[in-house]
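A.B. asks: need coordinates for the following:
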Amino acid sequence: MVHLSLLSYLTELKTAIGISLGLKQPATVAVIDGRTSKVITYRNIRQLLGENYRLLNRQRHIQQKNAHKRSKAQRRNSPHQLSESNLGEYIDRLIAKAIIDFAMTYGAASIALPRMEDMREIVQTEMQAAAEQKFPGSIELQRDHAKQYRITTHGWSYGRLIGSIRSKAAQAGIVVEQGKQLYQGSQQEKAAAIAVRVYQDRQKPEN
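C.D. replies: Residues are numbered from 1 along each chain as shown. All right, here's what the predicted structure looks like:
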């Protein structure tokens, strides 16, 4: 919810930024012209992280290895404690900083994020879509592939990532708004759609 004291200022802004979240692409950013709803540019996770993208690959490798260790321990019915790494938290801060720097480059005073309560369904939809594309018509193979897909693409802590984005945005004086992320389409299309939707909702007159 945008504070009323900011509403008149935000409605004058023509550039809108939306962020889609997902498994394979933890964050994708779209910049749109609010007047026309046309996309100005995108940034995917590789572009956002730049040379630090290698850290994301390292984190995914660690998560995949730990997931296999947990699975083996469960099959042996033996406890298996795995130490948590701070790498994921560090990557979240890098992503958040890159997003805020990007928003400031385009003069945006607000960004639109998916609602946290939608993330479970967003992740499930992405896994199912990947499984159906890989094994059309086979429910059993789709189920196995969806499970493996989540392991190999890394189970992200979206609450932590959203928290990092909110924190960096607050430091920069950028308002964070929330909208519903589409379940279908590319991550770029989803990022653009959430930006358009939040921008248009902001233009509606208050009752």
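A.B. asks: the helix or strand of the chain with the lowest mean pLDDT: what's the following helix or strand?
C.D. replies: When each helix and strand of the chain is scored by mean pLDDT, DSSP states H and E, helix 4-12 comes last, with a mean of 46. Downstream of helix 4-12, the next assigned helix or strand under DSSP states H and E is strand 15-21.
A.B. asks: which strands or helices does that next one pack on?
C.D. replies: The contact analysis (3 or more Cβ pairs under 8 Å, 6 or more residues apart in numbering; DSSP states H and E) places strand 15-21 against strand 27-33, helix 87-105, strand 110-114, helix 158-172, helix 187-203. Every C-beta, even on glycine, is put in place using the N, C-alpha and C of the backbone.
A.B. asks: mind listing what's buried in the last one?
C.D. replies: Yep, that's helix 187-203 we're talking about. 187-199, 202 (16 or more other Cβ atoms under 10 Å).
A.B. asks: try the fourth one
C.D. replies: Burial within helix 158-172, assessed by neighbour count using 16+ other Cβ under 10 Å, is assigned to 158, 161-162, 164-165, 168-169.
A.B. asks: now those in CSV, with distance to Arg60 and pLDDT?
C.D. replies: Formatted as CSV, the buried residues of helix 158-172 follow (distance: Cβ to Cβ, whole Å; pLDDT from 0 to 100):
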residue, distance to Arg60, pLDDT
Tyr158, 15, 89
Leu161, 15, 93
Ile162, 20, 94
Ser164, 18, 95
Ile165, 20, 96
Lys168, 23, 95
Ala169, 26, 94
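A.B. asks: between these, which is closest to Ala30?
C.D. replies: Ile165 (14.7 Å; Cβ to Cβ).
A.B. asks: still on that earlier bit, how about the buried residues of helix 158-172 in a markdown table, adding distance to Gln25?
C.D. replies: Compiled in a markdown table, the buried residues of helix 158-172 are given as follows (distance: Cβ to Cβ, whole Å):
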| residue | distance to Gln25 |
| --- | --- |
| Tyr158 | 12 |
| Leu161 | 12 |
| Ile162 | 15 |
| Ser164 | 16 |
| Ile165 | 15 |
| Lys168 | 19 |
| Ala169 | 20 |
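A.B. asks: what's the closest of those residues to Lys97?
C.D. replies: Nearest member of the buried residues of helix 158-172 to Lys97, counting by Cβ to Cβ, is Lys168, at 5.7 Å.
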